[in-house]
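> no sequence on hand, only this structure:
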């Protein structure tokens, strides 16, 4: 009978690639903005504002063109998920080992995917919901604020958020919604009609269309059961291409048979093994002016 070996268990490529793809199934950030290749550590990127072209009349001199660079940083942030199991899981034959890996990944993947949202949106540790000082600069710090009024139609607050972003020179093409806020749009019907006002809008993380916006719905937006202090956020509107994020270290699955890796007691004494996966995300936001926050202060 073959058992899983102690130490690092490398997930086969045919397992790892779909795993990475599933990040989009659990994260609104990954759904609405594309990942970029990253190396480990703090990095920088530059954006340039070169203004507009100049008209030159016949025989006239050409004027100078200005270039205004802006430097932004991406920082690495590590998240882990550790799951304990009775050591009998290691006694399975080769086929059952593969099944065990699949089950473990099915549990770990969604948590690590949501961690990206909790960091970029709220700057928090998903365990406990406390703010992480090193994550300074999340969307929760956006100064464009719109209060949702329960007596208004939900598109009133969305229109107001759009107006703030447009005034800053950005195009509000995207929106991430808390399910409570999203359901208000889904429930709208046309005047004297059973036809949905937004028939292409779906209550799910996958991208759908809402009033001209690419939309994604997740409870990571409000994070009500996660935040140590509820901020009553209902949605983030803006240009999500202003978010630069990537995976700085490949995701691995480690089988731990000895010691106390998570404070739950000695593994050998408890006849347990622990499975741990870790991911290092890097992210930065080009400009918070490209976003507006919709919240309910009641």
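All right, it came through fine. Predicted, not measured: the structure shown is a model, and the values here were computed from it.
> how far away is residue 107 from residue 99?
As for residue 107, its distance to residue 99 is 13 Å (criterion: CB to CB, to the nearest Å). Backbone N, C-alpha and C define where each C-beta goes, glycine included.
> helices along this structure, start to end?
Taking DSSP state H to define them, one finds helices in the chain at 13-21, 28-32, 94-117, 154-167, 179-186, 267-270.
> tell me the most buried of the ones you listed?
A comparison of the helices of the chain by mean neighbour count, using mean count of other CB atoms under 10 Å, puts helix 28-32 on top with a mean of 26.
> how far away from the center of its chain is that helix?
6 Å (CA atoms, centre = their mean, to the nearest Å).
> where are the low-confidence patches of the chain?
Scanning the chain for pLDDT under 70 picks out 1-25, 36-52, 54-55, 65-74, 89-98, 100-101, 105, 250-251.
> buried stuff in stretch 213-231?
Along stretch 213-231, the positions that meet the burial threshold by neighbour count (16 or more other CB atoms under 10 Å) are 213, 215-223, 226-227, 231.
> just how off-centre is it within its chain?
The mean C-alpha position of stretch 213-231 is separated from the chain mean by 10 Å, CA atoms, centre = their mean.
> how far does that stretch stretch from start to finish?
24 Å (CA to CA, to the nearest Å).
> what does stretch 263-280 give?
Stretch 263-280 has an end-to-end distance of 22 Å (criterion: CA to CA).
> what's in contact with that stretch?
40, 76-87, 89-90, 104-105, 108, 112, 115, 247-249, 251-262 (CB atoms under 8 Å, 6 or more residues apart in numbering).
> which among those count as buried?
Neighbour-count burial within the contacts of stretch 263-280 applies to 76-77, 79-82, 84, 89-90, 104-105, 108, 112, 115, 247-248, 251, 253-257; the criterion is 16+ other CB under 10 Å.
> show me those that map onto strands.
By the criterion of DSSP state E, membership of these in strands covers 76-77, 79-82, 84, 247-248, 251, 253-256.
> tabulate those residues in CSV, adding columns for distance to residue 131.
Rendered in CSV, the data for those read as follows (distance: CB to CB, whole Å):
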residue, distance to residue 131
76, 18
77, 13
79, 15
80, 19
81, 21
82, 23
84, 28
247, 23
248, 22
251, 25
253, 29
254, 28
255, 33
256, 30
